[in-house]
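> have a look; sequence and predicted model below, questions after that.
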Amino acid sequence: MNLKSLQEKIKLLNEKTRPQYKLYSQAEKEILTKTVKLNEEVGELCNDILSILKLQRRAKLQNFDKRNMYEEFADVIITAMQLAIAAGVDVERAVGDKLKKIEERYLKEKR
């Protein structure tokens, strides 16, 4: 199968399986946008981590500045907080509940 015929088969499949979405509300658009942005920021952080581990290609390593990783961590945290706000999540409660769950699991496994 060549790429052109594969593309045609996928086009037909898409037409058969495409979900019918309603128009998004402004709040839904904001959540979707923040979710995509968070993935972008996580990807940038991953690139920096690969650079620190010297697992990037040479051209990327030449332009890498280790201090940039601090900014990428901040970008991930800030964007996650923006997404939480858009989604109506109480971050303090969510983190507290999750930490409690992790501690309980750790204590249970340690027994």
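Happy to help now that I have it. Every value quoted in this text rests on a predicted model; they were computed, and no experiment measured them.
> look at the closest residue to Gln56 other than its chain neighbours and say how many residues are nearby.
Closest residue in space to Gln56, ignoring its immediate chain neighbours: Leu50 at 4.8 Å, by Cβ to Cβ, 6 or more residues apart in numbering. Bear in mind the C-beta positions are built from the backbone N, C-alpha and C, glycine included. Counted with other Cβ atoms under 10 Å, residues neighbouring Leu50 total 15.
> same question, Thr79
Applying other Cβ under 10 Å, I find that Thr79 has 19 neighbouring residues.
> what distance do you get for Ala86 to Lys29?
10 Å (Cβ to Cβ, to the nearest Å).
> which of these two has more residues huddled nearby?
Comparing Ala86 with Lys29 by other Cβ under 10 Å, the one with more neighbours is Ala86, at 17 against 12.
> just how off-centre is the helix or strand bottoming out on mean pLDDT in the chain within its chain?
Ranking every helix and strand in the chain by mean pLDDT, DSSP states H and E puts helix 58-62 at the bottom, with a mean of 86. Put simply, helix 58-62 sits 24 Å off its chain's centre (Cα atoms, centre = their mean, to the nearest Å).
> now do it: which elements does it pack against?
Judged by 3 or more Cβ pairs under 8 Å, 6 or more residues apart in numbering; DSSP states H and E, helix 58-62 is in contact with helix 26-52.
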